[in-house]
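>>> okay, structure incoming, though there's no sequence with it:
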């Protein structure tokens with residue numbers, strides 16, 4: 001089973017937190033206190049992160065389907081049928097796959113720094129990183145990618161945090177996530193069709209130059225989704241603009257908890 005932390009809050013509903021690659025559930029340190037005022041929290045560490053099993057310990061191919069099964073194991077273990085999901089970066093990709101395969105388990109979704117597809121620059125960087133992976137330490141590679149994703153001075157806090165947490169990750173686990181990068185578009189391809197009844201809030205930074213333009217294009221016409229763009233904010237918006245992120249996320253989940261609770 002994946003490594004997770006259960007935080008008991010004041011409410012009866014649950015929020016499941018899903019982090020980005022190289023980080024871990026600590027990325028949500030600015031969300032815990034405000035979220036716990038109204039919800040219980042399950043903060044999950046993805047395979048190869050935190051104290052979760054190494055990726056090569058799983059038999060068979062490593063896939064998004066496998067990750068979803070592992071998340072649902074935790075929910076079933078805790079007797080949580082339905083939860084609000086909050087994902088950041090890679091976590092949004094996982095939530096998208098969940099919305100396509102098990103939408104009935106999602107009460108609402110808040111997606112920070114969401115990735116629906118990769119632009120040409122992102123694809124090129126991933127290919128280049130894969131080609132040079134055996135020639136430089138993976139932390140050098142991670143530092144370069146962190147600076148590309150979060151280049152501005154006001155991204156310093158989130159950039160530093162991600163690099164700091166990545167030091168805790170094994171090289172083999174970091175590289176094992178790379179082959180999944182090519183499947184990013186498939187994780188979103190049928191989200192609007194498969195989860196039309198699940199309310200979704202996308203929160204992205206105006207300075208998230210790698211992903212925000214494609215995200216806005218892909219969400220066009222999706223009546224189940226709202227998009228909020230935060231000014232002077234980069235990819236990791238739950239750190240860069242934590243107060244705004246928390247306020248908007250809680251307002252959204254509160255509203256849809258009431259609506260969904262009346263019919264579930």
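Yes, it's here. What you see is a predicted model; the values in this text were computed from it and never measured.
>>> now stretch 112-130: mean pLDDT?
For stretch 112-130, the mean pLDDT works out to 90.
>>> and the biggest helix by length in the chain, what's its mean pLDDT?
Determined from DSSP state H, the single longest helix within the chain is helix 242-261. For helix 242-261, the mean per-residue pLDDT is 85.
>>> which strands and helices sit next to it?
In terms of contacts (3 or more C-beta pairs under 8 Å, 6 or more residues apart in numbering; DSSP states H and E), helix 242-261 is packed against helix 32-36, strand 83-88, strand 106-112, strand 200-205, strand 225-230, helix 237-240. Every C-beta, even on glycine, is put in place using the N, C-alpha and C of the backbone.
>>> what do you get if the cut-off is 7 Å, keeping everything else the same?
The helices and strands touching helix 242-261, judged by 3 or more C-beta pairs under 7 Å, 6 or more residues apart in numbering; DSSP states H and E, are strand 106-112, strand 200-205.
>>> who does the first one touch, helix- and strand-wise?
Helices and strands touching strand 106-112, by 3+ C-beta pairs under 7 Å, 6+ apart, are strand 83-88, helix 90-101, strand 200-205, helix 242-261.
>>> that strand: what's the following helix or strand?
helix 120-131 (DSSP states H and E).
>>> how far does that following helix sit from its chain's centre?
Averaging C-alpha positions (C-alpha atoms, centre = their mean, to the nearest Å) puts helix 120-131 20 Å from its chain's average.
>>> please apply the same query to stretch 177-190.
13 Å.
>>> export the helices and strands packed on helix 242-261 to TSV and tack on mean neighbour count and distance to residue 179?
Formatted as TSV, the helices and strands packed on helix 242-261 follow (neighbours: other C-beta atoms under 10 Å; distance: least, C-beta to C-beta, whole Å):
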stretch	mean neighbour count	distance to residue 179
strand 106-112	27	23
strand 200-205	25	26
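>>> export those to a markdown table and tack on distance to residue 228?
What follows is those, written out as a markdown table (distance: least, C-beta to C-beta, whole Å):
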| stretch | distance to residue 228 |
| --- | --- |
| strand 106-112 | 10 |
| strand 200-205 | 5 |
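>>> for residue 105, which residues are in contact?
72, 75, 82, 98 (C-beta atoms under 7 Å, 6 or more residues apart in numbering).
>>> excluding chain neighbours, what is closest to the third one?
Meaning residue 82. residue 107 (4.9 Å; C-beta to C-beta, 6 or more residues apart in numbering).
>>> OK, contacts around the most centrally placed residue in the chain?
The centroid of the chain falls nearest to residue 91 when counting by C-alpha atoms, centre = their mean (1.7 Å). Applying C-beta under 7 Å, 6+ apart to residue 91 gives the contacts 18, 19, 20.
>>> you'd agree the last one is up against residue 92?
Think residue 20. No: counting by C-beta atoms under 7 Å, residue 20 sits too far from residue 92 to count as a contact (8.6 Å).
>>> which of these two has more neighbours?
Counted by other C-beta atoms under 10 Å, residue 20 and residue 92 do not tie: residue 92 has more neighbours, with 30 against 27.
>>> need the pLDDT of that one.
For residue 92, the model assigns a pLDDT of 98.
>>> burial measure for the closest residue to residue 36 other than its chain neighbours, as a count.
Nearest residue to residue 36, sequence neighbours excluded (C-beta to C-beta, 6+ apart): residue 9, at 3.7 Å. Residue 9: 17 surrounding residues under other C-beta under 10 Å.
>>> what of residue 36?
Residue 36: 16 neighbours (other C-beta under 10 Å).
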